[in-house]
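K.L.:
Predicted coordinates and the sequence they were generated for:
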Amino acid sequence: MTAPGMIAQAEFPGKGESVAEARRFVRRTLLARYGAVIEDAVLLTSELVGNAICHSDSGRLPDGTVTVSLSEPADGVLRVEVGDAGSPGSEPRARLDVDQDSEGGRGLYLVELLADKWGSHLRGGGRVVWFEIGCPSGAGYGT
């Protein structure tokens with residue numbers, strides 16, 4: 001299924017090295033048109049892919065994968081979706097009680113801070129976590 005305003009989509013193995021591959025994919029795909037928000041998009045994608053690998057069956061199963069989809073559902077809005085194989089009994093939420101010395105737990109907190117909107121939903125036996133970032137006028141992919 002192709003989402004409205006689809007820009008690109010890529011699938012990555014559910015392995016730790018896929019986080020860097022997903023960052024490169026987003027940077028390379030968006031560089032020409034989304035310069036104003038590319039760093040936030042790369043950072044937030046990295047956090048969501050890392051979460052998908054750590055907390056879902058995408059990282060637990062030997063053939064698990066994570067899918068990153070980039071779209072522009074409305075003029076000047078960048079949407080990034082990260083799909084995984086799901087996780088029994090887990091609902092993504094931003095943690096506000098992260099200790100300063102903790103090595104993890106800040107991913108969705110960063111999404112909460114930097115994205116204009118974010119959320120999650122179940123799809124095809126897995127989960128999709130998404131965020132949207134507004135782009136300055138004229139900085140969208142289709143311009």
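P.N.:
Noted; the coordinates are in hand.
K.L.:
per-residue confidence averaged over the longest helix along the chain?
P.N.:
When the chain is parsed with DSSP state H, its longest helix is helix 38-55. If you average the pLDDT over helix 38-55, you get 94.
K.L.:
Show me the helices in the protein, by range?
P.N.:
So, for the chain - with DSSP H - the helices run 18-30, 38-55, 57-60, 107-114.
K.L.:
neighbouring contacts of the longest helix of the chain?
P.N.:
Here helix 38-55 makes contact (C-beta atoms under 8 Å, 6 or more residues apart in numbering) with 12, 14-16, 18-19, 22-23, 26-27, 30-31, 34, 58-59, 66, 68, 78, 80, 82-84, 87, 90, 92, 104, 106-108, 110-111, 114-115, 129, 131, 133. Any C-beta I mention is one placed from the backbone N, CA and C, and that applies to glycine too.
K.L.:
Report the buried members of those residues.
P.N.:
12, 14, 18-19, 22-23, 26, 30, 34, 58-59, 66, 68, 78, 80, 82-84, 87, 92, 107-108, 110-111, 114-115, 129, 131, 133 (16 or more other C-beta atoms under 10 Å).
K.L.:
in this protein, what secondary structure element scores lowest on mean pLDDT?
P.N.:
helix 107-114 (a mean of 88; mean pLDDT, DSSP states H and E).
K.L.:
Rebuild the helices of the chain as CSV, extending it with distance to residue 5.
P.N.:
Shown next, in CSV, are those (distance: least, C-beta to C-beta, whole Å):
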stretch, distance to residue 5
helix 18-30, 13
helix 38-55, 15
helix 57-60, 25
helix 107-114, 21
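K.L.:
Select, out of the ones you listed, the one closest to residue 121.
P.N.:
helix 38-55 (13.6 Å; C-beta to C-beta).
K.L.:
Distance from that closest one to the middle of the chain?
P.N.:
5 Å (C-alpha atoms, centre = their mean, to the nearest Å).
K.L.:
Alpha carbons of it, in PDB - could you do that?
P.N.:
Below are the C-alpha coordinates for helix 38-55, written out as PDB (Å, rounded to 0.1, in the frame of the first residue of the first chain):
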ATOM      1  CA  ILE A  38      16.800  16.900   8.200                       C
ATOM      2  CA  GLU A  39      18.900  16.700  11.400                       C
ATOM      3  CA  ASP A  40      15.700  16.300  13.500                       C
ATOM      4  CA  ALA A  41      14.300  13.800  11.100                       C
ATOM      5  CA  VAL A  42      17.500  11.700  11.100                       C
ATOM      6  CA  LEU A  43      17.800  11.800  15.000                       C
ATOM      7  CA  LEU A  44      14.200  10.800  15.500                       C
ATOM      8  CA  THR A  45      14.300   8.100  12.900                       C
ATOM      9  CA  SER A  46      17.400   6.700  14.600                       C
ATOM     10  CA  GLU A  47      15.600   6.700  18.000                       C
ATOM     11  CA  LEU A  48      12.500   4.900  16.500                       C
ATOM     12  CA  VAL A  49      14.600   2.300  14.600                       C
ATOM     13  CA  GLY A  50      16.700   1.600  17.700                       C
ATOM     14  CA  ASN A  51      13.500   1.200  19.800                       C
ATOM     15  CA  ALA A  52      12.000  -1.100  17.200                       C
ATOM     16  CA  ILE A  53      15.100  -3.300  17.200                       C
ATOM     17  CA  CYS A  54      15.400  -3.300  21.000                       C
ATOM     18  CA  HIS A  55      11.800  -3.700  22.000                       C
END
